[in-house]
Structures are given as structure tokens and as C-alpha cells.
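Participant: Turn this into a model:
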Amino acid sequence: MILRRVIEHVKAQHWTAVFLDFVIVVMGVFMGIQLGNWNERQADAREYAEALERVRSEIDANLKTLDLSDDDIGAVLPVVRGALDALVTCSDDAETLNAVNAGVALFWGTAGIHLRVSELDALTSDPRLLAQESPAVRHGLSDLKFITDIVERSALYYEEYPQDGRVEKIHGLTPGPRTVRSVTYLGIAYDNNQRPLRLDEPVSVACRNTDLVNALWAWDRTQSNLPLLTAKMRAAYKDALNILDTETKK
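Facilitator: Numbering: from 1, shown residues only. Predicted coordinates for the structure are as follows:
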């Protein structure tokens, strides 16, 4: 419609009208572009705000995971550590034997730290989200990503290293009577029905079994580092949440 009117004005040599039509067209295009840009900025702002909320929820979930991890390792670590301490005494009394068997029944398994990172990955890699982050948020989330990567790699090593050699292949261990034990893993309670390993030789003999002693030592050396990692992650999450709180209050 506007084009037909411009043509008519040109034919009639109504140059003022032509100029006004041109201005109307240019202003219409300009306003359309500005409106489109505004809508895009609004959409980006909403997406950024939602991304910040999602990463908050992810951090909250990970803090609960850290609590469960501490509970899991906290229940097992003293028992296995006590077994190693009892074993190296080479004493054949019943108390020492029970302490060793209690740890031997548990050290076949290891704990780890497994965190949710999808929302953090998005905020540290998506160009549209990065463009809206303040330097403080960008730096803080980058630090959190860096620490998370280190903690996860370390935790994986501590989880897998003690299992390099199969515990059941260690000389001097044999399955004991079947027992049902109530356990909790990652917040899930269940009955563990199995035949735990135990010594089939006196402690005074088993204490010279270097495979057994070294396996218990490796378990203690690696798994005892997990509480340090969870403490480091809690501190990192606290710093990140403080930065996010400051950002949302602006």
C-alpha cells in the first residue's frame, strides 16, 4: 500500500509527499528493528535469570549430595581404619580379630563424589549467557567450574584406585556366613544381603600378608581424602552463591 502511494506521488511529482513517505518507511523499519532487538534482549534476560535459578538449584542439590557422601564415608572410614590399626598389632585376641573382620567386610567397596554440572556448564559455555554475566559472576563461575573439575577427578581416583586389585583375590580372606545388614547409600536405605569377607587365618599370620595390609592402607589413604574434597566443594559453593546473591540484588 505504501509502495503504491509512493509511486503515485512520484508520478505526480509531489516531492514533499514522497519525502514524507520515505521517512515513514524508514521509521517503520527502524522501529521494527528496535522492537525486535528489545524483544530479543528481554528474552535473553529472562533466559539468563532462569539459568541463574537453575544453577542455584543445582548447587543446592549438590550440597545435599555432599552431605550424603560425608555420611557414607563417615560410617565406613573409622571401621576400615580401625581394622588396619588392629591388623598391624599382630594380636590374636578376639577383640582384634573382630575389629579386623569388621573392616575387611567393608573395604571391598569405595565411595566417591558425583556432582551435577549441566547448569554450571551452560553458564560457563553458552555465548548468550556469557554475554550477560558481569565480570564478577563470570570469574566466580569459572572458578567454581575449575574447582569442580579438580574435585571430581581427584574423587574418581580415590574411588577407583583401591579397586585396582580385586579384594577377593587377596590370600587369607574367605566369605563368611551370610548376613543381612541395613545400609544407606546416597540417601536410599536398603537391606544388604551378602556373605562378607573375613580372615581365614590368625591375625598374627594375616599381619604379615603384605597384600592385605597394603590393600587396607591404600583404601585408608585414598578414602580418607574424601571429606577434604567435600569441604572444599562446600566452600566453593558458598563463594558462588554469595556472588549470585550480589548479582540478583542489582
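
Participant: use CA for all of it now, contacts and neighbours both
Facilitator: Will do.

Participant: Which residues in stretch 129-145 does the neighbour count mark as buried?
Facilitator: For stretch 129-145, a neighbour-count test (16 or more other Cα atoms under 10 Å) marks 129-130, 133, 137-138, 140-142, 144-145 as buried.

Participant: Show me where this structure has its strands.
Facilitator: Under the criterion DSSP state E, strands of the chain are mapped to 173-175, 179-185, 188-194, 197-199.

Participant: what's the most buried one of the ones you listed?
Facilitator: strand 197-199 (a mean of 21; mean count of other Cα atoms under 10 Å).

Participant: average pLDDT for that one?
Facilitator: For strand 197-199, the mean per-residue pLDDT is 90.

Participant: in its sheet, what does it sit against?
Facilitator: Paired strands of strand 197-199, with direction, are strand 173-175 (antiparallel) (DSSP bridges).

Participant: Number of residues surrounding Pro227?
Facilitator: 18 (other Cα atoms under 10 Å).

Participant: And for the nearest residue to it once chain neighbours are set aside, the neighbour number?
Facilitator: Distances taken as Cα to Cα, 6 or more residues apart in numbering put Asp70 closest to Pro227, at 6.3 Å, once the chain neighbours are dropped. Applying other Cα under 10 Å, we find 20 residues neighbouring Asp70.

Participant: these two touch, right, Asp70 and Thr230?
Facilitator: Yes. Here Asp70 reaches Thr230: they are 7.4 Å apart, a contact under Cα atoms under 8 Å.

Participant: Backbone dihedrals for the residue nearest the centre of the chain, both of them.
Facilitator: Nearest to the mean C-alpha position of the chain, by Cα atoms, centre = their mean, lies Leu115 at 1.8 Å. In terms of degrees, to the nearest 10, the main-chain angles of Leu115 are phi -110, psi 150.

Participant: any idea of the pLDDT on the residue nearest to it when sequence neighbours are not counted?
Facilitator: Nearest residue to Leu115 in three dimensions, chain neighbours excluded: Asn62, at 5.8 Å (Cα to Cα, 6+ apart). pLDDT, Asn62: 97.
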